[in-house]
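[1] Here's my sequence, what's the structure:
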Amino acid sequence: QVQLVESGGGLVQTGGSLRLSCLASGLTFSNFAMSWFRQGPGKEREFVAAINKRGGTTYSADLVKGRSTISRDNAKNIMYLQMNSLKPEDTAVYYCAAGRYSVTAPGGYDYWGQGTQVTVSA
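    Now for the predicted structure:
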């Protein structure tokens with residue numbers, strides 16, 4: 001059974017930082033591209049960042065570019081999202097996803113975690 005478990009969310013003040021983690025099990029982690037998405041209150045799920053299978057190529061959405069870093073450790077089956085200079089508009093549930101390719105569309109992913117809440121106070 002494939003499981004993706006996010007952690008690291010919480011309440012942070014504007015300008016603060018968080019590091020989100022996504023621990024994978026039940027799949028050959030290095031065979032999957034990984035991504036982070038988020039869904040804010042009343043909003044659709046949106047792409048945040050992606051990393052290819054080996055971790056050598058990353059892509060971030062404009063909304064977090066320059067403020068976030070996606071990385072992975074295939075030996076530990078874990079992916080990270082380091083987020084800095086957080087803003088209230090970053091408040092959302094953050095989800096990790098695993099798929100064959102690192103695409104920006106949610107439909108391109110086979111497996112999803114349950115999400116971790118990030119709340120940025122003004």
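[2] CA atoms for contacts and neighbours, from now on please.
    OK.
[3] hey, what's residue 116 bridged with?
    In this entry, residue 116 is beta-bridged to residue 94, by DSSP bridges.
[4] contacting residues around it?
    By Cα atoms under 8 Å, 6 or more residues apart in numbering, residue 116 lies in contact with 6, 7, 8, 9, 10, 93, 94, 95.
[5] right, and the fourth one touches residue 118 too?
    In other words, residue 9. Yes - with contacts defined as Cα atoms under 8 Å, residue 9 counts as touching residue 118 at a distance of 4.9 Å.
[6] Looking at the two, which is more packed in?
    Neighbours per residue (other Cα atoms under 10 Å) separate residue 9 from residue 118, with residue 118 holding more: 22 against 18.
[7] Which helix or which strand is home to the more buried one?
    strand 116-121 (DSSP states H and E).
[8] mean confidence for that strand?
    With pLDDT averaged residue by residue, strand 116-121 scores 98.
[9] And for stretch 51-71?
    Here the average pLDDT along stretch 51-71 is 95.
[10] contacts for it?
    Contacts of stretch 51-71 from elsewhere in the structure, counted by Cα under 8 Å, 6+ apart, are 29-35, 47-50, 72-74, 79-86, 101-102.
[11] I'd like the list of the residues you listed that fall within strands, please.
    Residues of those located in strands (DSSP state E): 33-35, 47-50, 72-73, 79-83.
[12] Derive a ChimeraX selection command for the buried subset of those.
    What follows is the ChimeraX syntax for the buried subset of the ones in strands among the contacts of stretch 51-71, where burial is set by 16 or more other Cα atoms under 10 Å:
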select :33,34,35,47,48,49,50,72,79,80,81,83
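[13] Good, wrapping up.
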